[in-house]
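**Q** got a predicted structure here, sequence first:
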Amino acid sequence: RYPQELGGMFQKLSGLVAQQAELVTRIDADLDDTTASMDSAQAQLHKYYRAIQGNRGLIIKAFIVLLIVIGLWSVVGRSGRRR
């Protein structure tokens, strides 16, 4: 009787071990997918950061031109009122 019970317990245990191995395999695959997604996200963030840095000079130049235009407009507008 005891050897049969022991055999049944080992069969259940081997079934549980097989289920756990399947879960570990799934978790490992999910971790690989997550790592790939994180790497892709980091690359996209670096790409966006470089794009922002590249546009920074253009934005500053446009702001300077805008200030010059506003300054000239105010000077021309004042000289026109004096007449």
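**A** Received it, and whenever you're ready, just let me know what you need.
**Q** low-confidence ranges in this structure?
**A** 80-83 (pLDDT under 70).
**Q** need the helices for it, in chain order.
**A** Listed in chain order, the helices of the chain (DSSP state H) span 2-82.
**Q** and the residue nearest the centre of the protein?
**A** Ala41 (3.4 Å; CA atoms, centre = their mean).
**Q** that one and Asp28: what is the separation?
**A** 20 Å (CB to CB, to the nearest Å). For the C-beta atoms, the positions are set from N, CA and C on the backbone; glycine is no exception.
**Q** ok, now His46?
**A** 27 Å.
**Q** and if you look at Arg1?
**A** Arg1 sits 41 Å away from Asp28, going by CB to CB.
**Q** which one of the two is surrounded by more residues?
**A** Asp28 (10 against 5; other CB atoms under 10 Å).
**Q** ok, that one - contacts?
**A** Residues counted as contacts of Asp28 (CB atoms under 8 Å, 6 or more residues apart in numbering): none.
**Q** what's the distance between it and Glu22?
**A** 11 Å.
**Q** export stretch 1-20 to PDB, keeping only CA atoms.
**A** Extracted C-alpha coordinates of stretch 1-20, given in PDB (Å, rounded to 0.1, in the frame of the first residue of the first chain):
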ATOM      1  CA  ARG A   1       0.000   0.000   0.000                       C
ATOM      2  CA  TYR A   2       2.700   2.500   0.900                       C
ATOM      3  CA  PRO A   3       4.700   2.000  -2.300                       C
ATOM      4  CA  GLN A   4       1.600   2.700  -4.300                       C
ATOM      5  CA  GLU A   5       0.800   5.800  -2.400                       C
ATOM      6  CA  LEU A   6       4.400   6.900  -2.700                       C
ATOM      7  CA  GLY A   7       4.300   6.200  -6.400                       C
ATOM      8  CA  GLY A   8       1.100   8.300  -6.700                       C
ATOM      9  CA  MET A   9       2.700  11.100  -4.700                       C
ATOM     10  CA  PHE A  10       5.700  11.100  -7.000                       C
ATOM     11  CA  GLN A  11       3.500  11.200 -10.100                       C
ATOM     12  CA  LYS A  12       1.600  14.200  -8.700                       C
ATOM     13  CA  LEU A  13       4.900  15.800  -7.800                       C
ATOM     14  CA  SER A  14       6.300  15.200 -11.300                       C
ATOM     15  CA  GLY A  15       3.100  16.700 -12.700                       C
ATOM     16  CA  LEU A  16       3.500  19.800 -10.500                       C
ATOM     17  CA  VAL A  17       7.200  20.100 -11.500                       C
ATOM     18  CA  ALA A  18       6.200  19.900 -15.200                       C
ATOM     19  CA  GLN A  19       3.600  22.700 -14.700                       C
ATOM     20  CA  GLN A  20       6.100  24.800 -12.800                       C
END
